[in-house]
Each structure stands twice: as structure tokens, then as C-alpha cells.
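>>> structure for the following, please:
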Amino acid sequence: MIFDKNFFEPVFELAPDATLIVDAEGKIQKVNEQTRRLFQYKKGELIGKSVEILIPKRFVAHHGDNVKGYIHNPVARKMGSGMDLFAIDKLGKEFPVDISLNYLEFGDQKLVLLSVRDISIAKEIQNKLAQSEKRLNEAQELSNIGSWELDIENNVLYWSDQVYRILEIEKSEHPASNEFFFSFVHPDDREELEITYKNHLIHHLPYDIVHRFQLPNNKIKYVRERAETFFDEFGKPYRTFGTVTDITDIKEIEYDLRQSIHKVESSNKELEQFTFIASHDLQEPLKTLTSFVELLVNDPSVKNNKDLHDYSRFIKEASSRMENLVRGLLEYARISKNFSREEVNCGLLIHEVLSSLEALITDTSARVMVSEMPTIRANPLLLAQLFQHLVSNAIKYRRADMIPEIHIQATKVKSEWLFEFADNGIGISEEYYHKIFIIFQRLHNRSEYEGTGIGLSHCKKIVEMHGGKIWVESEENKGSTFYFTLPE
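Below is the predicted model of the structure:
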């Protein structure tokens with residue numbers, strides 16, 4: 001470009017970038033105001049200096065050859081294309097720059113026009129974007145979630161690195177495309193996938209679908225796809241953003257869980273059936289045995305023989321305990337039969353239970369205080385059994401020196417009710433907390449407290465059938481509080 005001073009001067013001074021004129025020897029001939037600001041030099045300080053004063057030392061070695069090469073081949077271009085270029089100001093601070101070169105002729109003098117732009121902010125943004133993309137890729141890999149973007153107008157598809165990892169293919173060998181993606185979808189799932197996406201575009205229905213990938217090695221993967229499409233002002237779709245989540249491990253766990261649940265349910269049914277039949281069949285011979293022992297105990301010849309009479313009485317008591325145990329086992333097996341729920345007013349139900357226990361409450365002078373109770377969905381017969389067991393236990397295991405007191409209340413905790421049955425009885429040592437809910441487990445001798453050891457196991461089964469939990473907090477000689485939760 002031929003140097004025209006009249007035209008060049010105002011343009012040179014008003015240029016938004018730092019602009020310098022350098023001769024063939026690399027000496028600075030002219031700079032504009034923006035150059036002085038960028039490099040923090042005063043007016044006239046740079047004139048006659050080597051342009052290398054503005055270049056970090058590690059780049060200076062190549063600079064002389066670059067200037068000479070450009071003078072011999074003066075084509076307007078960016079300097080160091082594809083490289084990271086840096087400049088240095090008067091205070092020694094380095095910063096990234098873009099540099100453009102133009103050739104000038106002024107008489108027989110050959111000059112170079114340099115335009116220098118500080119790209120520190122752009123580089124910072126670029127680095128942050130690169131770091132963000134790296135973190136996104138790492139997050140997608142950890143979570144097994146890939147992302148994709150479809151330019152509908154131009155039919156251009158973009159996949160994140162994780163989509164390639166899910167498909168187990170190399171990114172460099174397989175450019176993303178709808179056709180290529182569809183080749184991985186299991187043949188039995190393709191029609192549903194197409195219909196779902198069309199309904200998403202046409203009727204704006206949610207795009208959320210689980211389908212299978214069939215890889216080239218016939219490996220099957222389950223994925224969940226979700227997407228959101230953007231429409232222009234005319235309602236025409238122009239871009240879709242979506243995710244692909246590999247849920248193969250979850251599906252395998254679900255399958256194993258279903259199999260385990262099925263096995264447990266089958267085992268429970270067999271166990272319940274066995275318990276029911278065994279308990280039922282045991283009752284008849286026990287009744288026969290009890291009847292004959294009763295006759296034997298009442299026989300005059302046996303009454304006159306003290307040893308024989310004692311033996312007969314022991315047999316009768318053992319038979320009676322065995323009958324009670326079998327009856328309790330039968331009731332335990334029956335709990336889960338014909339389970340159903342309905343609206344139950346717990347306040348009314350507790351008062352009905354207390355009425356049925358009126359004789360026991362009166363005989364022991366027990367005081368039962370009931371706070372306001374909720375209405376929940378439960379099985380009324382089982383819930384009545386639960387309440388009755390807990391009240392009966394509280395009275396049974398009372399202290400001899402105190403009138404038994406029982407406080408019953410319920411508190412709403414999120415989506416369930418927390419019930420409390422607190423007493424002032426003999427209490428339970430912490431080491432036995434778990435034992436009391438196990439069937440046939442007793443903490444006391446029969447001479448102290450009657451019972452079969454089934455009552456609290458009944459309570460546990462009833463609460464768990466309703467989807468709740470039961471536990472106890474207690475201290476010896478200071479009473480016990482039984483807690484259990486029930487859904488609304």
C-alpha cells in the first residue's frame with residue numbers, strides 16, 4: 001500500500017487498536033495514541049526504538065527473521081496464525097494479543113503497519129469456556145449423562161463426548177447424524193421413538209422416553225432420553241436440546257430386585273400357609289390331650305395320689321400353654337390375609353379398644369390419657385389389635401408401687417403420623433430393645449407375667465404392613481414409650 005499522508009494521518013490516530021509503523025530494520029517510526037495507552041509509554045518514548053521492546057524476551061529470537069520475511073513477501077495477514085502471541089508493556093506486564101500486518105511504501109522506504117489488539121478478556125472468556133466444557137464432560141461421564149443438540153433447519157446433529165462413550169464408539173471415526181443414531185436404536189423401539197418425537201414437535205408433548213441401544217457387538221443398553229425444542233414466532237421448530245442417560249445398571253438392579261421380591265413373596269406365602277396349616281392341625285390333638293388330662297385330674301383315684309395329681313396338673317398347664325402358643329401363631333399367620341385399607345378415625349377406634357379393656361382398666365385403677373387423634377387410611381381390625389396390644393402391655397408390665405398411667409398421642413411428621421404410647425411401668429433395658437419384637441421372645445418368667453411372647457411381634461407386623469416403623473425407648477423402673485409411624 002502506497003503511503004498517502006493526507007489520508008493516512010487522521011485514520012491512523014483514530015484507529016481503535018494500537019497501531020505502529022515499523023521500518024525494515026524493525027525500528028518504530030510512528031505510534032498512535034492507543035499504542036501509548038496500551039503499552040503505557042509517554043509520547044515520543046517509542047520512536048526510534050526497536051519494536052522488540054514490546055515483545056517478551058522468549059519471542060524476540062524469532063522476531064527479526066519474521067520482519068525480514070514479511071518485507072520480502074508483503075501480504076496483508078495476521079501475525080503468528082494459529083499461535084498464542086503476547087506483548088509486554090513498559091511495566092513488564094505481559095498480555096495476549098492479536099497482531100495484523102500490512103505493507104506500506106513511502107517513497108523508496110519500505111514500512112510495516114502493525115495493528116495490535118489486547119485480547120486478554122477474550123482469552124479469559126475462552127479459558128473459562130474451555131474449563132466449563134471440561135467440567136461438563138467430566139460431570140457427564142461421572143453421571144453417565146450425554147447431551148445432544150439438533151439444528152432442525154440444517155439437519156445438523158451434535159453429540160457430547162459422553163454420547164460417544166455410551167455408544168462405545170470413537171468420536172473421530174463417526175460423525176453424529178440422525179441416521180447413524182437411529183442405527184443404534186433397538187429395532188423394537190424405533191417406532192415408539194419416532195412417534196414420541198413427532199408428538200413432541202407437532203403437539204408439544206414432553207419428550208421423555210426409555211428405550212434400548214443395540215451396539216454392534218449385540219450388547220444391549222437401556223437409556224432414558226429427554227429433550228426440549230425451541231420454536232420460532234410462527235411455531236416452527238428450529239432447535240432441539242436433549243440428554244441421553246445410561247440407565248442399564250439401574251434396569252439390572254430393578255430386575256434383580258423384582259426377582260428377589262418375587263422369591264420373598266413366594267417364600268412368605270409358603271411360610272404363612274405352612275404356619276396356618278400346622279397351627280390349625282396342632283389344635284385338634286392338643287384339645288384331645290387337654291380333655292383327657294382334665295378327666296385324669298378330676299378322677300378320684302388320681303386326686304388321692306398326690307404325685308400323680310401333681311404330674312397331671314403339670315401336663316394340663318403345659319397343654320394349656322401349648323394351646324395358647326398355637327392359637328397365637330395362627331393369629332400371627334392370619335394378620336396378612338385379606339389386608340385392605342379404609343378411612344379410620346383413630347380417636348374413636350382407641351375409645352372402642354379402651355371400652356373392650358374396661359374390666360382390666362378398672363381392676364388395676366389404670367389411667368389412660370388420649371390426645372387428639374388423626375383420621376388415616378388403615379385396616380381398622382389390625383389397628384384395633386395394635387392399640388389393644390400396646391395398652392394391655394402397658395398395664396400388664398406395671399410397677400407394683402404405682403397406679404399405671406398411659407399417655408397416647410399422635411404428631412404429624414411430613415407425610416406420616418408418629419404415634420406414642422408412653423407408660424410409667426417397669427421399663428426395659430436397652431440391650432433388649434430388639435428382642436421384644438421377635439416372636440415367642442420373653443423377658444420375664446411365666447410365674448411373673450403371663451403371655452406367649454407374640455403380642456409385640458404382632459404389633460411390628462401390623463405396623464410394617466401399613467408401611468410404618470415401630471421402636472421403643474425405655475429405662476428400667478422409669479417406664480417405656482412405644483413409637484410407631486403410619487402413613488396418612
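>>> flag the shaky bits of the stretch 51-200 of the chain, pLDDT-wise.
Low-confidence segments of the stretch 51-200 of the chain, defined by pLDDT under 70: 61-82, 133-134, 136-143.
>>> need phi/psi at Glu45.
phi -70, psi -30 (degrees, to the nearest 10).
>>> residues near it, how many?
The number of residues packed near Glu45 is 15, by other C-beta atoms under 10 Å. Yep, even glycine has a C-beta here, placed from its N, CA and C like the rest.
>>> can you report how many residues neighbour Glu294?
Neighbour tally, Glu294, other C-beta under 10 Å: 13.
>>> Thr35 belongs to a helix?
Yes: counting by DSSP: H, G, I helix; E, B strand; the rest coil, Thr35 is found in a helix.
>>> so how far is Leu46 from the residue lying closest to it once chain neighbours are set aside?
Distances taken as C-beta to C-beta, 6 or more residues apart in numbering place Ala18 nearest to Thr35, at 4.0 Å, with adjacent residues excluded. Going from Ala18 to Leu46 by C-beta to C-beta, to the nearest Å gives 11 Å.
>>> residues shared between the contacts of these two?
Common neighbours of Ala18 and Leu46, using C-beta atoms under 8 Å, 6 or more residues apart in numbering, are 31, 35, 39.
>>> among these, which one sits closest to Pro237?
Within the shared contacts of Ala18 and Leu46, proximity to Pro237 (C-beta to C-beta) peaks at Thr35, which comes in at 50.1 Å.
>>> right, and the closest one touches Leu46 too?
Yes: with contact defined as C-beta atoms under 8 Å, Thr35 reaches Leu46; the gap is 7.2 Å.
>>> please identify every residue contacting each of those two.
Both Thr35 and Leu46 are in contact with Leu20, where contact means C-beta under 8 Å, 6+ apart.
>>> quick check: Lys221 is in a strand.
Yes: using three-state DSSP, the assignment for Lys221 is a strand.
>>> how close does it sit to Cys346?
Distance, Lys221 to Cys346, using C-beta to C-beta: 49 Å.
>>> next one: Ile202
Distance from Ile202 to Cys346, by C-beta to C-beta: 52 Å.
>>> what of Phe86?
According to C-beta to C-beta, Phe86 stands 78 Å off from Cys346.
>>> what of Pro237?
Here Pro237 is placed at a distance of 55 Å from Cys346 (C-beta to C-beta).
>>> please say which of the two ends up with more neighbours.
Neighbours were counted for Pro237 and for Cys346 using other C-beta under 10 Å; Cys346 has more, 22 against 16.
>>> give the contact list for that one.
By C-beta under 8 Å, 6+ apart, the residues touching Cys346 are 373-376, 383, 410.
>>> and what of Ile88?
With contact taken as C-beta under 8 Å, 6+ apart, Ile88 is in contact with 54-56, 94-95.
>>> looking at this, Ile361 is in a helix?
Yes: assessed by three-state DSSP, Ile361 belongs to a helix.
>>> name the helices or strands packed onto the helix or strand that contains Arg165?
Using DSSP states H and E, Arg165 falls within helix 161-167. For helix 161-167, the elements it packs on are helix 120-143, strand 145-151, strand 237-246, judged by 3 or more C-beta pairs under 8 Å, 6 or more residues apart in numbering; DSSP states H and E.
>>> repeat the analysis, applying 10 Å as the threshold.
helix 120-143, strand 145-151, strand 156-159, helix 178-182, strand 220-231, strand 237-246 (3 or more C-beta pairs under 10 Å, 6 or more residues apart in numbering; DSSP states H and E).
>>> can you redo the ones you listed as TSV with distance to Arg212?
What follows is the helices and strands packed on helix 161-167, written out as TSV (distance: least, C-beta to C-beta, whole Å):
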stretch	distance to Arg212
helix 120-143	20
strand 145-151	16
strand 156-159	18
helix 178-182	13
strand 220-231	6
strand 237-246	11
